[in-house]
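**Q** Take this sequence and fold it.
(2 chains)
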Amino acid sequence: MLPEQDLTAIVLTIKLAAVTTVILLAIGTPLAWWLAHTRNRGKALFEAIVALPLVLPPTVLGFYLLLAFSPTSPFGQFWLGATGTPLAFSFSALVIGSVLYSLPFVIQPLQTSFEQLPKKLFEAASTMGASFKDQFISLVLPQCKRSFITAASLGFAHTIGEFGVVLMIGGNIPGETQVLSISLYDKVESLQYSEAHWLAGGLVIFSLLLLAFIYSLKRGDAKSTRVGLL
Amino acid sequence: MSLSIKLKLERENFSLAIDTVLEAKGFTAVYGPSGAGKTTLLRWIAGLEPATQGELSFQQTVWQDKEKTLPPQQRQIGYVFQEPRLFPHLTVEGNLNYAYQRRFNNNGPSLNQVCEWLEIKHLLMQGSEQLSGGEQQRVAIARALLSSPQLILMDEPLASLDKPSKQRIIKHLQTLQANMATPILYVSHDFEEVSQLADQLLLIDQGKITAQGPLLELSHRIDLPLSHEENAASIIDATIEQHDRSNHLTELLIDNHLSLWITAIEGREDEPVRIRIPARDVSINLERAEHSSILNILPATIAEIEQSDSSARVLIKLKVAHQYILVRLTHKSVTRLELTVGQQVYAQIKTVALLTDQREH
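**A** I've put the predicted structure just below:
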């Protein structure tokens, strides 16, 4: 079946996608909430920034990240000083790149569902003594449950499918930065088509199953999901 | 207990200037035409208009002053909105429990009690969106009660309901009043609703208080807009004297000696009731009509005649025993009968409606 190197790549990819998804939900939820409720005039600009990875070639993002991660850049120096290891070509670099690259896929479904929450219900809850935190847990989470699942699934799937950014900033170090898509690229380059089939076919099936799951959620709650992004 | 209000709000085409102390006791209705500022006032009292400046305190607690504004969740209130605002992802029981789990103290009614008062026990397992408008509003009222609030605010909770549902909820609200000491502040522009429920009235027009006091007193004041409405009516306290089962009538006594017949009602002897007599359904006779089809003819004294009215109609206030009845006549009749203040006349009353049958006054 699969050689050990491929298994390592698969495990690394899943680890990257999982870490990225957790961070995305942690950052994306407050950011989406802010975007849904702010009356700041700069809102459109913020939305555009968040949506940039949707239109830019991943290599553009990768190029700028590569510059930022280099030990000579201020950010790279700061990282080196804080952690003692250089950022470029590390797993951490992949996580940062993936978070930025998949951000719109998490923000947009959340923002849409936050915008559709009726404000009136929160007024009612506050008169019943519910604090903001309480309201978020007791009203927002259950009513936006499907959007959270959609956002997490899209963020996860999109990170798995990522290639350009990883190629630019990650390099090809097995166990550290060699993810599935890179490994597949290697196989094709070296004409190992049968191994490439395993990886490519596996990705197709995995993605298909995940998307079918997301669309089945969408049917249950048409209002709060926007899978149209894909 | 009291609610002290100092509110000044200027917006484009709209201003609100309310400075008063409300006795937070029983049922106080904030009454006035649409656009008078009633809803804004109520929302501000609840803390839902935090940007609006003013001073507000309930009993000894400051809810808002120049330095700080207490958020709604710390005011220990119950709020019933015009729309029910039930949480769609919860069942009726879930909605009720939401309030009950967060209740402000343990002195309030239990879930069972509240369900009984509002007759919603059979709805508990249903989703909130399956209910009719009237049912949803009953659940919303129950939910507000389950918070064990110190003050209940209601913003036209019956405005979007049909007449039968409305009447049913009015009955429920009367039950609540009989069973609970929590003060209620109730906004409405429907005088019939208000007259069935309120003890105290706060009249508001164009953002200002026009009058404040007991409903019975204000309802017959000729100088107030209340008595000039199309369906203006007098409100009278009476007691049940006897039931005439064969004719399906009940005899009431006004101030223990004037008898008044109405269509049969339930109630034991001497039970106090409140009745409503529409001003347009009363006429004046100079002598007691002996051969009239009208059952209720009461001796009365003219207490006040509205002066300087350019319309065809004149409002007259009659003193009947120790209470007052409003009569609306044409200018022509007043001139023809040469009616003057102090004159002894007879009031012929065509219709009498019962307002309450459960309350003790």
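**Q** Going along the chain, name the helices of chain A.
**A** Taking DSSP state H as the criterion, chain A contains helices spanning A:4-37, A:43-55, A:58-69, A:74-83, A:91-116, A:119-127, A:132-135, A:141-143, A:145-160, A:164-169, A:180-189, A:193-220.
**Q** any chance of those in JSON lines, plus mean pLDDT and distance to chain B?
**A** (Glycine included, C-beta is placed from N, CA and C.) Below are the helices of chain A laid out as JSON lines (pLDDT from 0 to 100; distance: least, Cβ to the nearest Cβ, whole Å):
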{"stretch": "helix A:4-37", "mean pLDDT": "92", "distance to chain B": "15"}
{"stretch": "helix A:43-55", "mean pLDDT": "92", "distance to chain B": "20"}
{"stretch": "helix A:58-69", "mean pLDDT": "90", "distance to chain B": "38"}
{"stretch": "helix A:74-83", "mean pLDDT": "88", "distance to chain B": "39"}
{"stretch": "helix A:91-116", "mean pLDDT": "93", "distance to chain B": "12"}
{"stretch": "helix A:119-127", "mean pLDDT": "94", "distance to chain B": "4"}
{"stretch": "helix A:132-135", "mean pLDDT": "94", "distance to chain B": "8"}
{"stretch": "helix A:141-143", "mean pLDDT": "92", "distance to chain B": "5"}
{"stretch": "helix A:145-160", "mean pLDDT": "92", "distance to chain B": "9"}
{"stretch": "helix A:164-169", "mean pLDDT": "86", "distance to chain B": "38"}
{"stretch": "helix A:180-189", "mean pLDDT": "87", "distance to chain B": "38"}
{"stretch": "helix A:193-220", "mean pLDDT": "85", "distance to chain B": "13"}
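**Q** Distance to B:Ala144 added to those, as TSV?
**A** Shown next, in TSV, are the helices of chain A (distance: least, Cβ to Cβ, whole Å):
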stretch	distance to B:Ala144
helix A:4-37	26
helix A:43-55	36
helix A:58-69	52
helix A:74-83	53
helix A:91-116	26
helix A:119-127	8
helix A:132-135	17
helix A:141-143	21
helix A:145-160	27
helix A:164-169	53
helix A:180-189	56
helix A:193-220	31
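**Q** and those helices as TSV, adding mean neighbour count?
**A** As requested, the helices of chain A are exported to TSV (neighbours: other Cβ atoms under 10 Å in any protein chain shown):
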stretch	mean neighbour count
helix A:4-37	18
helix A:43-55	14
helix A:58-69	18
helix A:74-83	13
helix A:91-116	23
helix A:119-127	19
helix A:132-135	14
helix A:141-143	16
helix A:145-160	23
helix A:164-169	23
helix A:180-189	18
helix A:193-220	14
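**Q** For B:Leu86, find the nearest of these.
**A** Proximity to B:Leu86, assessed across the helices of chain A by Cβ to Cβ, is greatest for helix A:119-127 (8.3 Å).
**Q** residues in contact with that closest one?
**A** Residues from elsewhere that reach helix A:119-127, judged by Cβ atoms under 8 Å, 6 or more residues apart in numbering or on different chains: A:134-135, A:138-139, B:46-48, B:71-73, B:75, B:77-79, B:81, B:83, B:85, B:87-88, B:98, B:144, B:147.
**Q** Just want the residue of the stretch 151-300 of chain B that's nearest chain A.
**A** Residue nearest to chain A within the stretch 151-300 of chain B: B:Leu153 (8.0 Å; Cβ to the nearest Cβ).
**Q** Remind me what the host helix or strand of that residue packs against, helices and strands.
**A** B:Leu153 belongs to strand B:151-155 when assigned by DSSP states H and E. Under the contact definition 3 or more Cβ pairs under 8 Å, 6 or more residues apart in numbering or on different chains; DSSP states H and E, strand B:151-155 sits against helix B:38-46, strand B:77-80, helix B:133-146, strand B:184-188.
**Q** and among the ones you listed, the most buried is which?
**A** Compared across these, strand B:77-80 shows the largest average neighbour count, a mean of 27 (mean count of other Cβ atoms under 10 Å in any protein chain shown).
**Q** After that strand, which helix or strand is next?
**A** By DSSP H and E, the next helix or strand past strand B:77-80 is helix B:92-101.
**Q** List the buried residues in whichever helix or strand comes after that next one.
**A** Next helix or strand after helix B:92-101 toward the C-terminus (DSSP H and E): helix B:111-118. The neighbour-count check on helix B:111-118 (16 or more other Cβ atoms under 10 Å in any protein chain shown) flags B:Leu111, B:Val114, B:Cys115, B:Trp117, B:Leu118 as buried.
**Q** ok, the first one touching B:Ser147?
**A** Same thing as B:Leu111. No: contact criterion Cβ atoms under 8 Å: B:Leu111 and B:Ser147 do not qualify, at 12.0 Å.
**Q** Mind listing the shared neighbours of those two?
**A** Common neighbours of B:Leu111 and B:Ser147, using Cβ under 8 Å, 6+ apart, are B:Tyr100.
**Q** Report the separation between B:Ile316 and chain A.
**A** B:Ile316 sits 45 Å away from chain A, taking Cβ to the nearest Cβ, to the nearest Å as the criterion.
**Q** What is the least confident helix or strand in chain B?
**A** Within chain B, no helix or strand scores below strand B:353-356, which has a mean of 77 by mean pLDDT, DSSP states H and E.
**Q** other SSEs contacting that strand?
**A** Helices and strands touching strand B:353-356, by 3+ Cβ pairs under 8 Å, 6+ apart, are helix B:191-197, strand B:272-278.
**Q** Go again with 10 Å.
**A** Counting contacts by 3 or more Cβ pairs under 10 Å, 6 or more residues apart in numbering or on different chains; DSSP states H and E, strand B:353-356 packs against helix B:163-179, helix B:191-197, strand B:233-244, strand B:258-263, strand B:272-278.
**Q** Going by neighbour count, which residues in the first one are buried?
**A** Of the residues in helix B:163-179, those scored as buried under the neighbour-count criterion (16+ other Cβ under 10 Å) are B:Ser165, B:Lys166, B:Arg168, B:Ile169, B:Ile170, B:His172, B:Leu173, B:Gln174, B:Thr175, B:Leu176, B:Gln177.
**Q** Which two of the residues you listed have the greatest separation?
**A** Once Cβ to Cβ is applied, the buried residues of helix B:163-179 give B:Ser165 and B:Gln177 as the farthest pair, at 18.9 Å.
**Q** residues touching A:Ala88, list them.
**A** Each residue near A:Ala88 by Cβ atoms under 10 Å, 6 or more residues apart in numbering or on different chains is listed here: A:65-71, A:73, A:76, A:79-80, A:169-171.
**Q** As CSV, those residues with distance to A:Val55 would be great.
**A** Below are the contacts of A:Ala88 laid out as CSV (distance: Cβ to Cβ, whole Å):
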residue, distance to A:Val55
A:Leu65, 17
A:Leu66, 20
A:Leu67, 20
A:Ala68, 20
A:Phe69, 23
A:Ser70, 26
A:Pro71, 30
A:Ser73, 25
A:Gly76, 27
A:Trp79, 28
A:Leu80, 32
A:Ile169, 19
A:Gly170, 22
A:Gly171, 26
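**Q** tell me the mean pLDDT over stretch B:112-123?
**A** Here stretch B:112-123 scores 93 as its mean pLDDT.
**Q** tell me which parts of the stretch 151-300 of chain B are close to chain A?
**A** Residues of the stretch 151-300 of chain B found near chain A (Cβ under 10 Å from any Cβ of the partner chain) are B:Leu153.
**Q** re earlier: wait, which of the helices of chain A is closest to B:Lys25?
**A** Between the helices of chain A, helix A:119-127 lies closest to B:Lys25; by Cβ to Cβ that is 20.9 Å.
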